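# Got a sequence here, can you build the structure:
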Amino acid sequence: MFLPVIVLAGVVVVFFLVVISMYNGLVKLRNRFKNAYAQIDVQLVRRYDLIPNLVETAKAYMKHEQDTLQKVIEARNQAQKIQVNLAQNPADAGAMEQLSKAEGLLTKSMGSFFALAENYPDLKANTTMNSLMEELTSTENKVSFARQAYNDSVMEYNTAREVFPSSVIAGMFNFAAAGQFVVEEPKAREAIKVKF
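Predicted structure coming up:
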């Protein structure tokens with residue numbers, strides 16, 4: 001008579017251990033992609049800090065290009081605003097999509113800025129501008145690597161929450177899908193080309 005009760009108790013204990021293990025695994029994966037976004041966040045902040053310095057340096061040389069300079073600053077401000085909100089909750093797939101679009105617009109406006117800057121030889125010779133360009137190029141590379149690591153973490157998390165039986169646990173405990181950080185604009189997929 002005790003044997004069926006012991007077997008049933010053992011099955012229940014094993015079931016709960018499996019559920020706890022799956023839940024903890026999903027939590028670890030969610031924290032991993034949030035940490036990966038934090039690495040992007042650090043690089044984006046650096047990038048957003050460099051852009052006003054570039055524009056300010058260029059203003060002295062590009063007096064007739066105020067519209068382009070203004071578009072760069074507006075695109076930067078929009079992307080930064082979304083990035084600050086997203087840093088509070090990197091699991092918000094909608095906000096990630098907004099950031100991707102804003103980053104695409106920023107990259108496009110920066111491309112226009114660099115294309116115009118090529119027409120100003122004195123600006124190209126400016127040491128401050130060259131130094132800022134080097135820092136921006138380095139930061140762009142770091143953003144790309146951080147974005148790749150983030151997308152890998154998101155893929156791993158989303159896969160874990162979609163496969164059975166962890167999909168049941170994900171549904172029970174509201175593990176929402178995470179959004180990848182993809183660049184929407186085809187031109188924005190290209191690295192910013194710096195020619196000085």
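# C-terminal to the helix or strand bottoming out on mean pLDDT in the chain, what's the next element?
Least confident element among the helices and strands of the chain, by mean pLDDT, DSSP states H and E: helix 121-125 (a mean of 83). The element immediately downstream of helix 121-125 (helix or strand, assigned by DSSP states H and E) is helix 127-162.
# by contact count, what packs against that following helix?
Under the contact criterion of 3 or more C-beta pairs under 8 Å, 6 or more residues apart in numbering; DSSP states H and E, helix 127-162 touches helix 2-59, helix 166-172. Backbone N, C-alpha and C define where each C-beta goes, glycine included.
# Give me the buried positions along that helix.
Residues of helix 127-162 classed as buried: 129, 132-133, 135-136, 139-140, 142-143, 146-147, 149-151, 153-154, 157-158, 160-161 (neighbour count, 16 or more other C-beta atoms under 10 Å).
# and if you look at stretch 30-42?
Along stretch 30-42, these residues count as buried under the neighbour rule (16+ other C-beta under 10 Å): 30, 32, 33, 34, 36, 37, 39, 40, 41.
# go on, stretch 47-65?
So stretch 47-65, judged by 16+ other C-beta under 10 Å, has buried residues 47, 48, 50, 51, 54, 55, 57, 58, 61, 62, 65.
# Contacts for it next, please.
Applying C-beta atoms under 8 Å, 6 or more residues apart in numbering, the external contacts of stretch 47-65 come out as 66, 68-69, 72-73, 76, 79-80, 83, 110, 113, 116-117, 120, 122-123, 126, 128-129, 132-133, 135-136, 139-140, 143.
# 7 Å instead?
69, 72-73, 76, 80, 116-117, 120, 122-123, 126, 128-129, 132, 135-136, 139, 143 (C-beta atoms under 7 Å, 6 or more residues apart in numbering).
# what separates the residue at the greatest distance from the centre of the chain from residue 8, distance-wise?
Here the centre of the chain is the reference, and by C-alpha atoms, centre = their mean the most remote residue is residue 1, at 59.3 Å. Separation of residue 1 from residue 8 (C-beta to C-beta, to the nearest Å): 12 Å.
# repeat for residue 100
For residue 100 relative to residue 8 (C-beta to C-beta), the value is 51 Å.
# low-scoring stretches of the chain, by residue?
Scanning the chain for pLDDT under 70 picks out 184-196.
# Need the nearest residue in space to residue 83, chain neighbours excluded.
Leaving aside its chain neighbours, residue 83 sits nearest to residue 44 (5.2 Å; criterion: C-beta to C-beta, 6 or more residues apart in numbering).
# what's the burial count for that neighbour?
26 (other C-beta atoms under 10 Å).
# Thank you, goodbye.
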